[in-house]
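S.K.: Okay, structure incoming, though there's no sequence with it:
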């Protein structure tokens, strides 16, 4: 199993640009999550999903959108990038009470 | 919103026990308490979780207060490889984390 994969690893965006961060898992987990981690800080929950077709807002959803059309994929969309969205983004899937995190996407907005 | 607080940093000597505290001031009755750790430039990894009873696994022990407003992660014999940022958190379907405790292990 590849586990949780995230693409791209790094990205630089200009203010106002849009992009989609990709997340995929091959463990058939129903639960999936997106977190952001600002430099030197902890993890903040952006959005989560308990299964295909179901998504819910977390602590910091403003400026982001998600979709969950399949069990495997949980993309995160940034529509109008702002410098405040400079962060490392982690995707995770979960079975029982154990989350499995991807390696992260480092995003810089200039 | 849940409020989970941890000390910013702690130090330990190698091969000594470490007790990492966490306060869960607004935890709900059905939320699990969980702990993860993060090494530099990596994603967090699972350590342990519990609901009401104390829990043990191969990595650590978790002690949960009777009122569930606090928990303690116990590393029985710290090694240099245990140096990391440790996050406590709580949640049901959503899983939220505190700001983390940076553990330094001195040889």
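M.R.: Right, received. Where do you want to start? This one's a predicted model, so the numbers in the text were calculated from it and none came from an experiment. Numbers count the residues shown, from 1 in each chain, chains lettered A, B, ... in the order given.

S.K.: secondary structure element for the most centrally placed residue in chain A?
M.R.: Nearest to the mean C-alpha position of chain A, by Cα atoms, centre = their mean, lies residue A:34 at 3.5 Å. Per DSSP states H and E, residue A:34 falls inside strand A:31-37.

S.K.: Averaged pLDDT, that strand. What do you get?
M.R.: Averaged over strand A:31-37, pLDDT sits at 98.

S.K.: which residues are contacting that strand?
M.R.: Strand A:31-37 is contacted by residues A:21, A:23, A:25, A:43-51, A:58, A:60, A:64, A:66, A:68, A:74, A:76, A:85, A:87-95, A:99, A:104, B:93, B:95, B:97 when judged by Cβ atoms under 8 Å, 6 or more residues apart in numbering or on different chains. Just so you know, the C-beta spots here come from the backbone N, C-alpha and C atoms, and that holds for glycine as well.

S.K.: how many other residues sit next to the residue in chain B that chain A sits nearest to?
M.R.: Closest residue of chain B to chain A, Cβ to the nearest Cβ: residue B:43 (3.2 Å). Using other Cβ atoms under 10 Å in any protein chain shown, residue B:43 has 23 neighbouring residues.

S.K.: I'd like to know which residues of chain B are adjacent to chain A.
M.R.: Residues of chain B lying near chain A by Cβ under 8 Å from any Cβ of the partner chain: B:1, B:32, B:34, B:36, B:42-46, B:49, B:87, B:93-100.

S.K.: Quickly list what the residue lying closest to the residue of chain B closest to chain A once chain neighbours are set aside is bridged to.
M.R.: The shortest distance from residue B:43 to any non-neighbouring residue, by Cβ to Cβ, 6 or more residues apart in numbering or on different chains, is to residue A:101 (3.2 Å). Residues in a beta bridge with residue A:101, per DSSP bridges, are residue A:92.

S.K.: so what's residue A:101 up against?
M.R.: By Cβ under 8 Å, 6+ apart, the neighbours of residue A:101 are A:4, A:90-92, B:43-45.

S.K.: now residue B:21
M.R.: B:6-7, B:70-72.

S.K.: do the same with residue A:72
M.R.: A:24-26.

S.K.: try residue A:106
M.R.: Counted by Cβ under 8 Å, 6+ apart, residue A:106 has contacts A:9-11, A:88.

S.K.: Okay, the residue in chain A positioned nearest to chain B and residue B:97: tell me how far apart.
M.R.: Nearest residue of chain A to chain B: residue A:101, at 3.2 Å (Cβ to the nearest Cβ). Residue A:101 is 11 Å from residue B:97, where distance means Cβ to Cβ, to the nearest Å.

S.K.: And residue B:4, by the same measure?
M.R.: Residue B:4 is 7 Å from residue B:97, by Cβ to Cβ.

S.K.: if I look at these two, which residues touch both of them?
M.R.: B:88-89.

S.K.: returning to what we had before: give me the subset of the residues of chain B next to chain A lying in strands.
M.R.: B:32, B:34, B:36, B:45-46, B:49, B:87, B:95-97 (DSSP state E).

S.K.: Filter those residues down to the buried ones, PyMOL style.
M.R.: For the buried members of these, the matching PyMOL selection, counting by 16 or more other Cβ atoms under 10 Å in any protein chain shown, is:
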select buried, chain B and resi 32+34+36+46+49+87+95+96+97
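
S.K.: which of the ones in strands among the residues of chain B next to chain A lies closest to residue B:79?
M.R.: residue B:45 (15.4 Å; Cβ to Cβ).
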